[in-house]
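Trainee: this one's sequence-less:
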């Protein structure tokens, strides 16, 4: 029997199902012949492909590492998939730390300078952003870079206007300051009214989560700070009750137990997630409307870390204590990164798969890079 | 016979329609199953396919149509429940098992199915087969993909172009 011919519609349906997390597959298909290349690089296909897969796939993360040529620690890309060659960090940013990576852009903090740098690895664009005139202590602040285009689905937002959000904790008792930068006006907006909350903690350069128009940061496992981008106002929400007072004492900053901090993440279903490590368990909660109509935390996953093979060496090295810290989350993908004594381990809550993605980490600034790398994409 | 819980009030017997393949084989099937096809659903809602008339399907041969209907009959109860939000885990697991076995077939049958699913607008079937073919070819080299998708072998010029591209995108072959 002769093989039936496939038309372009059928071929398109097949190509749509190539996994975005393994961009090499679509690239190889694009090399087959001109007709396939035409389909794959057409804007109609690319739009459908992004809509079909919704969340840009995790290609790797950007973290500081030793650069032998430059002779210093510089932000570099660490792939977690078969990823395309990634451009080098701009030379004058080689001393920077990585603060955030979101919507295709990287936010770098240049040491000894008063600027942030927003870098788009895909287009090569970089833009300096002066730090605002609100109290930002040397360490106790966090910042994020966000796409600022109205109605954007954040699946391919390059060249669009962006914002930079900065949150600073004046001292361990608060108050919390927040300010938003706009690339369109190239200036910082009016700072939000400072939030006097009994925080009794410190802010760390940890990843935060954007959920609709609100941005969330966990303050060293104590409270979650909520910043409303539309209203420019700050508030707090409590951590899941199930964590109990025991957890709060565990993460008392004066005891500073690195085993148990938490971070906020955007869940695949669009809700706010909170992940933390307590004792030897990795916990995940999601903020949902409960049957009684109240909004609250619902515990969705508990993972016994001692059962993850990749973590067993870490456990045996430090028998008494877990030296495991959550250092990042892939937004909208239900994936977290843990720094352990044996390296960076990535954990996927959906598949339950744990994988070591880097040998012993030197720096803990880690920002996952998520992007639809499709045929026709050129990284400069 | 047990009284029907729903249906069209046709004395409890499910309404049947007749489909006629391109090679003139007649298939009698429940309207609910045939209605998984968006194209057939419209005809059936208009009252077509009943009695001795039958709905001719000039683009689908009998071997393919029989396979398509096997899928539709299996999936019809879940589809009738509005995508089966109330389905039990057992039901879902059974459908998943069926789907996995269903696509465990020759490539040429898969291609006939994806074309039929596209023509008849059976979304679930199209998605199932497209996913299977994608899984079959995603790890292959450009030349293997070319042959699997049925493109003719490259001319020397095309081959040279492919080789050049492969050098440029070496990372995609590691």
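Mentor: In hand now; what should we look at? Every value quoted in this text rests on a predicted model; they were computed, and no experiment measured them. Residues are numbered from 1 along each chain as shown, chains lettered A, B, ... in the order given.

Trainee: which residues touch the closest residue to chain B within the stretch 201-350 of chain A?
Mentor: For the stretch 201-350 of chain A and chain B, the shortest gap (Cβ to the nearest Cβ) falls at residue A:269, measuring 15.7 Å. The way it works is simple: take the backbone N, C-alpha and C, and place the C-beta from them, glycine included. When contacts are counted by Cβ atoms under 8 Å, 6 or more residues apart in numbering or on different chains, residue A:269 touches residue A:286.

Trainee: please confirm that it is located within a helix.
Mentor: No: read with DSSP: H, G, I helix; E, B strand; the rest coil, residue A:269 is coil and lies in no helix.

Trainee: tell me the spacing between it and residue A:262.
Mentor: Distance of residue A:269 to residue A:262, computed by Cβ to Cβ, to the nearest Å: 19 Å.

Trainee: pLDDT below threshold where in chain B?
Mentor: For chain B, the stretches flagged by pLDDT under 70 are B:1-12, B:51-52, B:82-87.

Trainee: which bits of it sit near chain A?
Mentor: Taking Cβ under 8 Å from any Cβ of the partner chain as the measure of proximity, chain B contacts chain A at B:107-108, B:111-112, B:114-115, B:118, B:126-127, B:130-131, B:133-135, B:137-143, B:145-146, B:149-151, B:154, B:158, B:162, B:165-166, B:169, B:171-174.

Trainee: just the buried ones from those?
Mentor: B:111-112, B:114-115, B:118, B:126, B:130-131, B:133-134, B:137-138, B:140-143, B:145-146, B:149, B:151, B:154, B:158, B:162, B:165-166, B:169, B:172 (16 or more other Cβ atoms under 10 Å in any protein chain shown).

Trainee: what does the model give the residue nearest to residue A:121 when sequence neighbours are not counted for pLDDT?
Mentor: Counting by Cβ to Cβ, 6 or more residues apart in numbering or on different chains, the nearest residue to residue A:121 once its immediate chain neighbours are dropped is residue A:87, at 5.3 Å. Residue A:87 is assigned a pLDDT of 84 by the prediction.

Trainee: secondary structure class for residue A:87?
Mentor: Under three-state DSSP, residue A:87 comes out as coil.

Trainee: after the helix or strand of chain A with the lowest mean pLDDT comes which helix or strand?
Mentor: Ranking every helix and strand in chain A by mean pLDDT, DSSP states H and E puts helix A:244-250 at the bottom, with a mean of 49. Downstream of helix A:244-250, the next assigned helix or strand under DSSP states H and E is strand A:262-266.

Trainee: who touches that next one?
Mentor: A:206-211, A:216-218, A:221, A:224, A:239, A:272-277, A:326, A:328-332, A:334, A:336.

Trainee: partner strands of the helix or strand just after that strand and their direction?
Mentor: Per DSSP H and E, the first helix or strand lying C-terminal to strand A:262-266 is strand A:272-278. In the sheet, strand A:272-278 lines up against strand A:262-266 (antiparallel), strand A:281-289 (antiparallel) (DSSP bridges).

Trainee: give me the element residue B:53 is part of.
Mentor: Using DSSP H and E, no helix or strand contains residue B:53.

Trainee: out of everything not next to it in sequence, what's closest to it?
Mentor: Nearest one to residue B:53, counting by Cβ to Cβ, 6+ apart, is residue B:18 at 7.1 Å.

Trainee: can you give the strand pairings for the host helix or strand of that neighbour, parallel or anti for each?
Mentor: Using DSSP H and E, residue B:18 maps to strand B:16-20. Counting by DSSP bridges, the strands paired with strand B:16-20 are strand B:26-30 (antiparallel), strand B:55-56 (parallel).

Trainee: surely residue A:340 meets residue A:327?
Mentor: No: using Cβ atoms under 8 Å, residue A:340 makes no contact with residue A:327, being 9.9 Å away.

Trainee: what is in contact with the two at once?
Mentor: Common neighbours of residue A:340 and residue A:327 (Cβ under 8 Å, 6+ apart) do not exist.

Trainee: measure the most centrally placed residue in chain B to chain A for me?
Mentor: Among the residues of chain B, residue B:125 comes closest to the average C-alpha position under Cα atoms, centre = their mean, at 3.4 Å. Residue B:125 sits 11 Å away from chain A, going by Cβ to the nearest Cβ, to the nearest Å.

Trainee: what's near enough to touch the residue nearest to that residue when sequence neighbours are not counted?
Mentor: Leaving aside its sequence neighbours, residue B:125 sits nearest to residue B:117 (Cβ to Cβ, 6+ apart; 4.1 Å). Contacts for residue B:117 were tallied using Cβ under 8 Å, 6+ apart; they are B:68, B:125-126, B:129.

Trainee: need the helices for chain B, in chain order.
Mentor: Ranges of helices within chain B are B:31-34, B:38-45, B:62-80, B:89-102, B:107-120, B:123-137, B:142-148, B:156-168, based on DSSP state H.

Trainee: domains of chain B?
Mentor: B:16-138, B:141-174 (automatic domain parsing).

Trainee: and the shortest one, how far apart are its ends?
Mentor: Using Cα to Cα, to the nearest Å, one end of domain B:141-174 lies 11 Å from the other.

Trainee: before we move on, what about the first one?
Mentor: The distance separating the two terminal residues of domain B:16-138, taken as Cα to Cα, comes to 41 Å.

Trainee: with stretch A:14-23 instead?
Mentor: Termini of stretch A:14-23 sit 15 Å apart (Cα to Cα).

Trainee: just the mean pLDDT for that stretch, thanks.
Mentor: For stretch A:14-23, the mean pLDDT works out to 95.
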